[in-house]
Structure formats: structure tokens, C-alpha cells
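1. when you get a sec, could you give me coordinates for this:
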Amino acid sequence: MNILEMMKQAGQLQARMQEMQDRVALIEATGVAGGGLVKVTMTGKGLTQGVSIDPSLLVPEEVGVLEDLVRAAANDARAKVEAAMQQEMEKLAAGMNLPPGFKLPGM
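-> Here you go, the predicted structure:
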């Protein structure tokens, strides 16, 4: 591969990376815990968009349980966002003539 081809591929990669970042910004995932009693919605950038807690969980003596459920729902949302981002990275890398073993940042 000559230098011009490499520069062209680098430009294409940069454009694809920007497209991927734009798509990731639109990703939203909702994590759930406690059989759906607690829900946390998170963006692809890791920002929490919403938290929903079923009123039946609002028992002062059970605050620790509620905290655990919120944490579990947030972790579930983060895992879903990361899985969606991984899929976007795989789409980005598909069809590119990358050297064997080459990994794009974040993969």
C-alpha cells in the first residue's frame, strides 16, 4: 500500500470515527432491577437521563435495598450502552483493510 492510499484510508477512518461518535451520542439504554421496579436510563456518553422508582420501594426501613437496586439498574444501563457502542465500533471496522491484530481505539 502506498502513502497516498494510507492517507486516504486515514481520512476515511477519521470520517467514520466522527460518524460513530455522532451515533453513540444518540444511544440511550434503560437498565432495570428488581423485576422492573427500578429503571435507569443512560446515554451513550454515560449521562443519566432518568431514574424511575416504583413507589412500593419507598419504605424508610428498606433504604439499603433501594440503593442496591438503583446501583444495579445503573450498572445494567451502562453495560447496555457499552454493548451498543461495541456494535458501533464493529460496524466501523467492517470492510476496512486493517492490518491483522489492529484494534481501533475503544475496541
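2. in the helix or strand harbouring residue 10, what's buried?
-> Counting by DSSP states H and E, the element that carries residue 10 is helix 3-26. For helix 3-26, a neighbour-count test (16 or more other C-beta atoms under 10 Å) marks 16, 20, 23, 24 as buried. For the C-beta atoms, the positions are set from N, CA and C on the backbone; glycine is no exception.
3. quick one, grab the pLDDT at the second one.
-> So the one you mean is residue 20. Residue 20 carries a pLDDT value of 79.
4. number the chain from 20, please
-> Sure, I'll start numbering at 20, so the last one becomes residue 39.
5. could you tell me the model confidence score at the residue positioned nearest the centre of the chain?
-> Geometric centre of the chain, nearest residue: residue 100, 2.3 Å, by C-alpha atoms, centre = their mean. Among the per-residue scores, residue 100 shows a pLDDT of 92.
6. dump the residue contacts of the residue nearest to it when sequence neighbours are not counted.
-> Residue nearest to residue 100 in three dimensions, not counting chain neighbours: residue 48, with 4.7 Å by C-beta to C-beta, 6 or more residues apart in numbering. Residues in contact with residue 48 (C-beta atoms under 8 Å, 6 or more residues apart in numbering) are 60, 61, 96, 99, 100, 103.
7. my read is that the residue nearest to the centre of the chain contacts residue 45, right?
-> No - if you go by C-beta atoms under 8 Å, residue 100 and residue 45 don't touch, sitting 11.4 Å apart.
8. overlap in contacts, those two.
-> Common neighbours of residue 100 and residue 45, using C-beta under 8 Å, 6+ apart, are residue 63.
9. quick one, longest helix in this structure?
-> helix 82-112 (DSSP state H).
10. for that one, buried residues please.
-> Neighbour count says helix 82-112 has 85, 88-89, 91-93, 95-97, 99-100, 103-104, 107-108, 111-112 buried, by 16+ other C-beta under 10 Å.
11. then stretch 54-67?
-> Within stretch 54-67, the residues that count as buried by 16+ other C-beta under 10 Å are 56, 57, 58, 59, 60, 61, 62, 63.
12. and if you look at stretch 69-84?
-> Going by neighbour count (16+ other C-beta under 10 Å), the buried part of stretch 69-84 is residue 72.
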